[in-house]
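Colleague: Turn this into a model:
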Amino acid sequence: MAGWLFCAQAGDTLLGGRGLKAFEEASSLSLSGNHRAADGFARSWDGGSEQEKLLLSATVALSAFADLHDPARLESAHRTLDQLSRLVRSRTDPRSRLIDAMALSQESYLAALEGRDLASALDGRSAASVARDMMDQGWDSPELRGIVGGYLFWKSQSLGPVGRFIGGDQRDRGLLLTQQAAASRSPFREAFRTSLLWIRYERGEYPEALRVVQEARAIWPENRIYRQAEGDVLFRLDRLSQALDTYRASFIEYEGLEVLPVGRLSAAGNLARIHAAMGRRDSARAWLDTLDAPRYKKVRKWLPASLVRDLVPIRRELSHP
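Modeller: Predicted structure coming up:
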């Protein structure tokens, strides 16, 4: 998600006021889980440029897929971002360059959803390159800071201690820029709040991560993605009973909503993980049986890689009497 944007040189928005309101409206609908209304709003909106309309449509499609996992939404995002890329990639005006950076950032997210890690990294680097060039030229906005901040943190994090010693550790700078973007008035601030949440999580700063996600849930209590994120953080804080309640609620909440039941299976996997941590072997096995049901074979590829990794030692342990 991205937002709109004050220019340090001109003191004006790079997107007009109508665009700002449109992204706010679509974001509010998506975050509330009202994806059909968000999609209808994006299709009918005619108050901005073609590139703004395409970015709005891609944002809505990706938000819907992340929640309800409808492959048609993913295909829609692919088509829309391809079209947007062709439209803005050769343009040099600040508005088009911002939208180019946002589109590249969304392409990076899309590739990550599909497990195309190299493509995700390359698109993320390209997005950050455009954003950093704009900042070097005196332009500033929450969106530019959020794109650069996320890239700087995860690039440094992926290098490991030796790589950071050689290439420099930019994680603190990345965290600061992400915090600024998440605290902004940008219509895309929730994307940067989510980035901040997982940066805190990756750093092992679980109390801080919990504050981030609980602030988000106070604003968007019906948001199913934030609910699961809260369960992840509670688990890391060893607040197992609360994590169990959170994922039980998520498992029930997702019933019948998704085209591909990825959220529901993620809840099942997390329930297995939590029961195992509580020493409840039979319950953990039962939830793994739900996760491993043959009818879900094609769905399991969409599960978070971190959850799949965490379940490996649990499966190994439960294989012994």
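
Colleague: Tell me which residues touch A103, please.
Modeller: Applying CB atoms under 8 Å, 6 or more residues apart in numbering to A103 gives the contacts L55, A58, L81, L84, S85, V88. (C-beta placed from N, C-alpha, C; glycine too.)

Colleague: how about 7 Å then?
Modeller: L55, L81, L84, S85, V88 (CB atoms under 7 Å, 6 or more residues apart in numbering).

Colleague: That one: what's its closest spatial neighbour, skipping adjacent residues?
Modeller: L84 (4.9 Å; CB to CB, 6 or more residues apart in numbering).

Colleague: ok, now Q180?
Modeller: Leaving aside its chain neighbours, Q180 sits nearest to R145 (5.2 Å; criterion: CB to CB, 6+ apart).

Colleague: in what helix or strand does that neighbour lie?
Modeller: Taking DSSP states H and E as the definition, R145 sits inside helix 142-167.

Colleague: Tell me the helices and strands packed up against the next helix or strand after that helix.
Modeller: Counting by DSSP H and E, the next helix or strand C-terminal to helix 142-167 is helix 171-182. Applying 3 or more CB pairs under 7 Å, 6 or more residues apart in numbering; DSSP states H and E, one finds that helix 171-182 contacts helix 142-167, helix 189-202.

Colleague: Out of the ones you listed, which gets nearest to L68?
Modeller: Go through those one by one with CB to CB and the one that ends up closest to L68 is helix 189-202, at 16.9 Å.

Colleague: Could you check stretch 276-293 and say which residues are buried?
Modeller: For stretch 276-293, burial by neighbour count (16 or more other CB atoms under 10 Å) applies to A276, S283, A284, R285, W287, L288, T290, L291.

Colleague: my guess is the fourth one contacts E317, does it?
Modeller: No - the criterion here is CB atoms under 7 Å, and R285 misses it with E317 at 10.5 Å.

Colleague: Tell me the buried residues in whichever helix or strand the residue nearest to A103 is part of?
Modeller: Element membership for L84, per DSSP H and E: helix 71-88. Of the residues in helix 71-88, R73, L74, S76, A77, T80, L81, Q83, L84, L87, V88 count as buried by neighbour count, 16+ other CB under 10 Å.

Colleague: Find me the pLDDT at the residue nearest to G168 when sequence neighbours are not counted, would you?
Modeller: The shortest distance from G168 to any residue that is not its chain neighbour, by CB to CB, 6+ apart, is 7.5 Å, and that residue is S156. Model confidence at S156, given as pLDDT, is 91.

Colleague: Hmm, D172 and S156 touching each other?
Modeller: No - between S156 and D172 there is no contact, the gap being 9.0 Å when judged by CB under 7 Å.

Colleague: In terms of neighbours, single out the busier of those two.
Modeller: Per other CB atoms under 10 Å, whichever of S156 and D172 has more neighbours is S156, with 19 against 11.

Colleague: for the more buried one, what are its contacts?
Modeller: S156 makes contacts with R164, D169, Q170, R171, G174, as judged by CB under 7 Å, 6+ apart.

Colleague: what comes up buried for the helix or strand M134 falls within?
Modeller: When elements are defined using DSSP H and E, M134 is found to belong to helix 117-136. By neighbour count with 16+ other CB under 10 Å, helix 117-136 contains the buried residues S120, A121, D123, G124, S126, A127, A128, V130, A131, R132, M134, M135.

Colleague: export the residues you listed to CSV and tack on distance to E190 and pLDDT?
Modeller: Compiled in CSV, the buried residues of helix 117-136 are given as follows (distance: CB to CB, whole Å; pLDDT from 0 to 100):
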residue, distance to E190, pLDDT
S120, 20, 94
A121, 23, 93
D123, 21, 96
G124, 19, 96
S126, 23, 97
A127, 18, 97
A128, 20, 97
V130, 22, 96
A131, 18, 96
R132, 23, 96
M134, 22, 94
M135, 22, 94
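
Colleague: just for the stretch 51-200 of the chain, where's the confidence low?
Modeller: Per-residue confidence of the stretch 51-200 of the chain (counting by pLDDT under 70) places the weak regions at 165.

Colleague: cutoff 90 now
Modeller: Within the stretch 51-200 of the chain, the stretches with pLDDT under 90 are 89-90, 95, 113, 115, 141, 158-168, 185-186.

Colleague: Give me the spatial nearest neighbour of Q214, chain neighbours excluded.
Modeller: Spatially, and ignoring its direct neighbours in sequence, Q214 is nearest to E230 (6.7 Å; CB to CB, 6+ apart).

Colleague: right, and the pair among the buried residues of stretch 276-293 with maximum separation?
Modeller: Spatially, the most separated pair among the buried residues of stretch 276-293 is A276 and T290, at 14.1 Å (CB to CB).
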